[in-house]
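>>> could you look at this predicted model? Sequence included:
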Amino acid sequence: MSEKDEVSSSAIEPGMFSFDDLRVETETKPIPNPEQPFGAFSSSEPHMGSLLGPSLETHFAKVLSSHALSKFNSVQFGNPSFIPDPRALLSDSIDTEAPLQSVNAASPPVFRIVLTGGPCAGKSTGMDTVAERLRSRGFQVLMVPEAATLLFSGGIAFSMIASDSQCIQFQAALLKTQMTLEDAFVNVARGTGRASVVLCDRGTMDGRAYMSEDLWKQMMDTFKWDATKLRDDRYDAVLHLVTAAEGKPSFYSLANNKSRSETPEQAIDLDHRLRAAWLGHRSLRVIDNSTGFQEKMMRVVRAVAQVVGLPHASEELRKKFLVSNLNENALLEVKNLQRFDVEQTVLAVRQGLAHDGEPDMTDARSGGAQEWVRKRSEKGAVHYSHTIRKAHRSGMSRVEIKRHLTPKEYDALIEFADPTLAPLRIHRSCFLVGDRVFVLDEMRDLNVTLLRAQFEPEMLSKDILPPFIESAVDVSNDSSFGIAALARRAFIELESGKQS
């Protein structure tokens with residue numbers, strides 16, 4: 001996108017909320033069809049205006065946290081039709097020391113996304129493809145180079161990191177380099193005042209796959225790092241591309257990276273360890289080799305579109321199963337199982353919004369949307385997030401905006417909890433079965449256990465449930481198992497318990 005096509009900020013109108021009917025107009029380029037999905041243009045097509053205008057900055061400012069702190073306006077508080085100017089957020093609501101600074105509603109977002117995976121997985125091509133598509137939609141895109149390649153190309157040799165102590169020193173230096181590079185790119189992106197995406201070639205948790213678990217823990221202790229925060233607080237999404245050695249062995253090659261030397265067997269083992277290192281991140285996606293390479297790249301594009309809130313024609317299906325018979329002992333034996341305590345709170349309906357059951361939001365004209373905040377705890381570490389979900393008007397997909405929250409922001413937004421719904425207290429388990437990431441939610445106040453995952457259509461004819469799920473029913477299209485519906489059920493049961 002040329003400088004003359006650059007989007008600019010405009011005034012924010014309180015009470016506005018729309019993922020649709022927005023474009024960035026250019027002087028000479030045609031405007032894309034708003035119904036056309038992100039990723040549908042060929043690589044030879046010219047850059048076009050964003051689907052999210054009149055500017056991406058204005059769009060995200062309207063979407064993010066217009067709830068926040070209206071209760072502090074003594075004149076308008078209590079008026080259900082009043083939505084405050086998002087720039088009325090408290091100036092100290094952002095923790096500037098946070099590794100991933102959450103996005104103030106008055107400033108454009110900067111998304112940070114990791115592309116990782118085993119050798120010869122398509123990361124470089126994936127980053128280039130995603131960058132091109134995002135730029136054509138009005139995003140500023142910066143790409144952080146792989147820190148390990150920088151160090152090895154500068155003369156560091158494997159013979160220098162032979163002992164345990166040398167391994168720790170090298171991996172610590174690598175991690176510090178990675179974080180410094182990422183933070184530099186993110187800070188520059190924020191300084192431009194434009195909606196941006198920072199694509200990272202690998203991330204902070206990759207080093208865990210290259211050392212023993214004992215050495216990793218020793219490094220965490222030595223440098224007083226928190227592995228959970230390194231995994232959860234820096235990135236909006238992690239996309240793991242599976243090495244070609246697993247699924248497409250005839251295409252496995254190391255010709256494009258002279259610093260790599262893994263055999264196909266070693267590449268597969270490394271790939272599995274990398275998946276395990278990132279397991280537990282709330283937006284981990286595994287992109288396998290079940291399709292051709294071009295379609296694999298388009299799946300990467302669609303995954304990024306989902307993260308940044310662009311409409312996209314996804315060929316993947318979100319499936320949800322009601323589990324009625326779970327072998328708990330077998331679950332606890334699953335390798336690399338990650339467990340969390342989650343409290344999910346639906347926020348009150350605002351002007352122009354209505355609660356719908358998930359995913360019963362196919363009529364885009366209804367204005368239906370959902371908004372919630374989430375508190376997730378693991379071994380003393382707490383992570384906060386805010387999500388707004390709405391169906392695209394074409395009905396082809398749903399659009400989500402997710403962001404990290406500081407504790408202060410979470411406390412401000414929790415004041416807008418819907419009084420007719422109860423918070424959902426969830427015991428969450430995340431695990432891998434092959435290339436698939438599963439999330440198992442056991443509702444602590446309801447007799448409900450839900451299993452969630454995403455599948456390509458061709459996989460649905462196979463046995464897709466984990467072996468320890470002995471009985472489950474597909475409730476993907478049953479709105480009674482949506483977030484708001486479950487929160488309403490929890491509220492009714494809570495009130496019934498008070499009266500009994």
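That came in fine, so what should we check first? Residues are numbered from 1 along each chain as shown.

>>> which parts of the stretch 51-200 of the chain are strands?
Using DSSP state E, counting those that start in this stretch, the strands assigned to the stretch 51-200 of the chain run over residues 110-117, 140-144, 196-201.

>>> the ones you listed: which one's closest to L284?
Counting by Cβ to Cβ, L284 lies closest to strand 110-117 out of the strands of the stretch 51-200 of the chain; the figure is 9.4 Å. For the C-beta atoms, the positions are set from N, CA and C on the backbone; glycine is no exception.

>>> list the neighbouring strands of the closest one plus their orientation.
According to DSSP bridges, strand 110-117 forms sheet pairs with strand 196-201 (parallel), strand 237-241 (parallel).

>>> which stretch among those strands comes nearest S471?
By Cβ to Cβ (comparing all of the strands paired with strand 110-117), the closest turns out to be strand 237-241, at 29.9 Å.

>>> does L450 really touch D441, like I thought?
Yes. Judged on Cβ atoms under 8 Å, L450 makes contact with D441 at a distance of 4.8 Å.

>>> hang on, the earlier thing: export the strands of the stretch 51-200 of the chain to a markdown table and append columns for distance to L432, mean pLDDT and mean neighbour count.
Below are the strands of the stretch 51-200 of the chain laid out as a markdown table (distance: least, Cβ to Cβ, whole Å; pLDDT from 0 to 100; neighbours: other Cβ atoms under 10 Å):
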| stretch | distance to L432 | mean pLDDT | mean neighbour count |
| --- | --- | --- | --- |
| strand 110-117 | 14 | 96 | 25 |
| strand 140-144 | 26 | 96 | 19 |
| strand 196-201 | 21 | 96 | 24 |
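
>>> how about TSV for those, with distance to H272 added?
As requested, the strands of the stretch 51-200 of the chain are exported to TSV (distance: least, Cβ to Cβ, whole Å):
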stretch	distance to H272
strand 110-117	11
strand 140-144	24
strand 196-201	20
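
>>> just the element for the closest residue to F468 other than its chain neighbours, please.
Sequence neighbours aside, A330 is the residue nearest to F468 in space, at 3.6 Å (criterion: Cβ to Cβ, 6 or more residues apart in numbering). A330 belongs to helix 328-332 when elements are defined using DSSP states H and E.

>>> direction included, what does the helix or strand just after that helix pair up with?
Past helix 328-332, further along toward the C-terminus, the next helix or strand under DSSP H and E is strand 338-346. Each strand pairing with strand 338-346, determined using DSSP bridges, is listed with its direction: strand 369-378 (antiparallel), strand 424-433 (antiparallel).

>>> can I get strand 338-346 as CSV, trimmed to CA atoms?
Written as CSV, here are the backbone C-alpha positions of strand 338-346 (Å, rounded to 0.1, in the frame of the first residue of the first chain):
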residue,chain,number,x,y,z
GLN,A,338,-1.9,-28.5,30.5
ARG,A,339,-4.6,-27.6,33.1
PHE,A,340,-6.0,-24.2,34.1
ASP,A,341,-8.7,-22.7,36.2
VAL,A,342,-10.8,-20.3,34.1
GLU,A,343,-13.5,-17.8,35.1
GLN,A,344,-15.4,-16.4,32.1
THR,A,345,-17.8,-13.5,32.6
VAL,A,346,-20.3,-12.3,29.9
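
>>> can you pull the poorly scored residue ranges out of the stretch 201-350 of the chain?
Scanning the stretch 201-350 of the chain for pLDDT under 70 picks out 256-259, 311-316, 349-350.

>>> kindly recompute the last result at 80.
Counting by pLDDT under 80, the stretch 201-350 of the chain has low-confidence residues at 254-261, 310-318, 349-350.

>>> likewise for the stretch 401-500 of the chain?
Residues of the stretch 401-500 of the chain that meet the criterion pLDDT under 80 lie in 401, 435, 454-464, 497-500.

>>> quick one: the strands in it?
Taking DSSP E, counting those that start in this stretch as the criterion, the stretch 401-500 of the chain contains strands spanning 424-433, 436-443, 448-455, 469-474.
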